[in-house]
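[1] Generate a structure from the sequence data that follows.
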Amino acid sequence: MHTIEATQAILEELVAELPAALFSGLNGGVSLTERAPLHEQSQPGRPLYVLGAYHRDSLGRYVLLHYGSLRRCFGHLPHDAYVSELRRVLRHELRHHVESLAGEHGLIDFDREQIAAYLTETADLGTPPQG
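    Numbering: from 1, shown residues only. Take a look at the predicted model:
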C-alpha cells in the first residue's frame with residue numbers, strides 16, 4: 001500500500017523532473033488531497049473516480065491530485081507501476097493547464113469522449129444511467 005506521505009514524496013519528484021515553463025501561471029501549484037471523489041456521472045456498480053483536476057477559479061490556477069482516488073484505483077500496483085500512473089495523471093492535469101493558457105480544448109474534448117464511452121459501456125452492462 002502506498003501511503004499519502006510516500007505519494008506526496010513521489011509527486012514532488014515527478015514535478016521536479018518537468019521543465020519549470022510548464023508551471024508558468026500555475027500560481028497554486030500542484031497539491032495532493034486525501035479525497036476520493038466520484039465523477040458526477042459515476043454509475044452504480046462501476047465507480048468512476050476523479051484522479052485529479054485542473055482548476056482555474058478565484059483562487060487562481062492549480063492542480064489537485066486525489067490520493068484517495070489514486071489509492072483506490074492504483075494502490076494495488078507495484079511501486080514502479082504506481083509511479084507511472086501518478087506521472088500520467090500529473091501530466092494529464094498539466095496539459096489541461098497548458099491548453100487553458102493557449103485557449104485550446106483538445107484534452108477537454110478527449111475527456112468528454114472518455115466519459116461518453118464509459119457511459120455507453122456501463123449501459124451495455126445493464127446498469128441504467130442516472131440523472
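
[2] center of this protein - which residue?
    The centre of the chain sits closest to G52, judged by C-alpha atoms, centre = their mean, with a distance of 2.5 Å.

[3] thinking that one is in contact with L94, fair?
    No - when contacts are counted by C-beta atoms under 8 Å, G52 is not listed as touching L94 (9.6 Å). (C-beta placed from N, C-alpha, C; glycine too.)

[4] shared neighbours, those two?
    V63 (C-beta atoms under 8 Å, 6 or more residues apart in numbering).

[5] chain center to the lengthiest helix in the chain: distance?
    In terms of residue count, the longest helix belonging to the chain (DSSP state H) is helix 79-102. A distance of 7 Å separates the centroid of the chain from that of helix 79-102, by C-alpha atoms, centre = their mean, to the nearest Å.

[6] Next SSE downstream of that helix?
    Using DSSP states H and E, the next helix or strand after helix 79-102 towards the C-terminus is helix 106-124.

[7] picking that back up, tell me the bridge partners for the residue nearest to the centre of the chain.
    Beta bridges link G52 to L65 when assigned by DSSP bridges.

[8] And R46, by the same measure?
    Beta-bridge partners recorded for R46 (DSSP bridges): Q43.
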